[in-house]
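J.: coordinates only, sequence not included:
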């Protein structure tokens, strides 16, 4: 009896754990990620952005380079433009940095990003990559509104520029009743890209991260739709056959 009670408690904890973890992620309102898994050009740009800025420290060991052929790229294009840490197009997207060195340099090993979009969600990633700001109290000099105390430096700061976190203090009746101070990110120093261009850059990157989490998703959805259509047609014939069998039964 005690064993069964323990099993039930563990099942409840396993069910509630994702919700608790999500709630612990902060109270920041997330922006909607403008991604489109049917936009092949966006996915190609996102793959380029991922390889250029993420794959130096983060691996994607469950994704192979040759899966990029599904995005309309040839093996030669993949080798010439996207493969900088491997020689074979069938190799997984791993990195040369050792886990021990990563822990020494960053305090922790950067996580594998193969399924990060399935873990965090597209909206979280889109907002997170646009919410860095300068914070000299942090070891890296950077902090993040979505992920306070983040250990990863802002690797895209040259593109986005430098943001500062400003606190708007409310005065008058609102402050007297204990109103909260509002935090706002302000672009203090522009980067190589305009804010609109940077948002598009991040959208392409997140679009690819979502694709990488489940490359066969589009095919799976198409197969599911075709299956439902087939079952719908089969139902019509099955119903007509049933009527034919039972037409003489009163």
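T.: Here it is on my side, so go on. What you are looking at is a predicted structure, and each value in this text was computed from that prediction instead of being measured. Numbering: from 1, shown residues only.
J.: Please make it C-alpha for all contacts and neighbour counts, starting now.
T.: Noted.
J.: for the chain, what's the longest helix?
T.: Criterion DSSP state H: the longest helix present in the chain is helix 217-245.
J.: Give me the three-state assignment for residue 37.
T.: Recorded secondary structure, residue 37: coil (DSSP: H, G, I helix; E, B strand; the rest coil).
J.: Can you tell me how far it is from residue 213?
T.: Distance from residue 37 to residue 213, counting by CA to CA, to the nearest Å: 12 Å.
J.: When these two are compared, which one has more neighbours?
T.: The residue with more neighbours, out of residue 37 and residue 213, is residue 213; 19 against 15, by other CA atoms under 10 Å.
J.: Quick check: closest non-adjacent residue to the residue nearest the centre of the chain.
T.: Nearest to the geometric centre of the chain sits residue 117, at 2.8 Å (CA atoms, centre = their mean). Using CA to CA, 6 or more residues apart in numbering and skipping residues adjacent in sequence, the residue nearest residue 117 is residue 210, 5.2 Å away.
J.: Settle this for me: the one you found is touching residue 122, isn't it.
T.: Yes. At 6.8 Å, residue 210 and residue 122 qualify as touching, with contact defined as CA atoms under 8 Å.
J.: how about the strands of the protein, start to end?
T.: Here the chain has its strands, by DSSP state E, at 60-64, 92-93, 132-134, 142-144, 161-168, 182-190.
J.: For the chain, which residues score under the pLDDT cut-off?
T.: Applying pLDDT under 70 to the chain picks out residues 1-26, 169-181, 250.
J.: at 50 instead, please
T.: With pLDDT under 50 as the threshold, the chain has low-confidence stretches at 1, 4, 6-8, 10-25, 173.
J.: Now do the helices in it.
T.: 2-23, 40-53, 75-81, 99-106, 116-120, 122-128, 157-160, 173-176, 195-213, 217-245.
J.: for the strands of the chain, which one sits closest to residue 217?
T.: Residue 217 lies closest to strand 60-64 among the strands of the chain, at 13.9 Å (CA to CA).
J.: which neighbours does the closest one have in its sheet, and in what orientation?
T.: The pairing partners recorded for strand 60-64 under DSSP bridges are strand 92-93 (antiparallel).
J.: So which residues make contact with the partner strand?
T.: Contact partners of strand 92-93, identified using CA atoms under 8 Å, 6 or more residues apart in numbering, comprise 55, 59, 60, 61, 62, 63, 64, 65.
J.: Kindly report the same for stretch 201-208.
T.: 33-37, 42-47, 49-50, 117, 122, 125-126, 129-130.
J.: go again using 6 Å as the cut-off
T.: 35, 42, 43, 46, 47 (CA atoms under 6 Å, 6 or more residues apart in numbering).
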